[in-house]
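Q: Provided below for reference: sequence and predicted model.
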Amino acid sequence: ENVIFVHQEDCNWPMQEGLVLKKRFDDVFESTRYTKALEALNKTKKEIVSKAKDLKAELMEQGAHLQATVLTKNELENYQENQENTTSELDRLKTELEGNQDRLKQCTEALEAVRSFSTQIDNLERQVQETERRVLERQQGLDHVLDGTDAEIQRDLADFDNLMQQRSQ
């Protein structure tokens, strides 16, 4: 690959001292600079590979954090939506409860009215029974029962009262 062109005077250069020979090879092939550049490239490559590994690990860690954050955000949104639904359901139930309380109050008032009427009916039935019993007792105590309508009996009573007043005067 490499061809070395030398002048005839220098044709014995491969037989020279080691230090001079090395210098000549270094000049020809520039191997020292090549070696240093190769070492620098290898060093840079190792640094880049190391840094890439570190960045990849950090990227994986950040990806895991991102997934956890997205999951947490989704859960938070679900909880907020659930809270809104629960709040609206609670408001609906409160409204329904108020309506039911109004209906309960109306029903309680109606029940109290029915109980009051029932008590009045019971009292009136007792009064009717008591009155019927008294009438029956008085009818049994009377020797003579008046026949006629109430109007006729009232007229007869008024006539009797007038007659009694005339006699007393």
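A: Everything's here; your move. Residues are numbered from 1 along each chain as shown.
Q: what about the helices in the protein?
A: Here the chain has its helices, by DSSP state H, at 18-29, 31-141, 150-168.
Q: what's the most buried one of these?
A: Sort the helices of the chain by mean neighbour count, taking mean count of other C-beta atoms under 10 Å, and helix 18-29 sits at the top with a mean of 12. C-betas here are computed from N, CA, C, even on glycine.
Q: Could I get the pLDDT score of residue 151?
A: Per-residue pLDDT puts residue 151 at 88.
Q: So, low pLDDT: which residues of this protein?
A: 1-16, 28-32, 143-146 (pLDDT under 70).
Q: List of residues touching stretch 60-69?
A: In this structure, no residues lie in contact with stretch 60-69 by C-beta atoms under 8 Å, 6 or more residues apart in numbering.
Q: Please report how far residue 128 lies from residue 58.
A: 101 Å (C-beta to C-beta, to the nearest Å).
Q: try residue 40
A: From residue 40 to residue 58 the distance is 26 Å (C-beta to C-beta).
Q: same check, this time on residue 117
A: Counting by C-beta to C-beta, the gap from residue 117 to residue 58 is 86 Å.
Q: do the same with residue 162
A: Distance, residue 162 to residue 58, by C-beta to C-beta: 129 Å.
Q: and what of residue 125?
A: The value you get for residue 125 to residue 58, if C-beta to C-beta is used, is 96 Å.
Q: What of residue 23?
A: For residue 23 relative to residue 58 (C-beta to C-beta), the value is 48 Å.
Q: try residue 51
A: Residue 51 is 10 Å from residue 58, where distance means C-beta to C-beta.
Q: what do the two both touch?
A: By C-beta under 8 Å, 6+ apart, residue 51 and residue 58 have no common neighbours.
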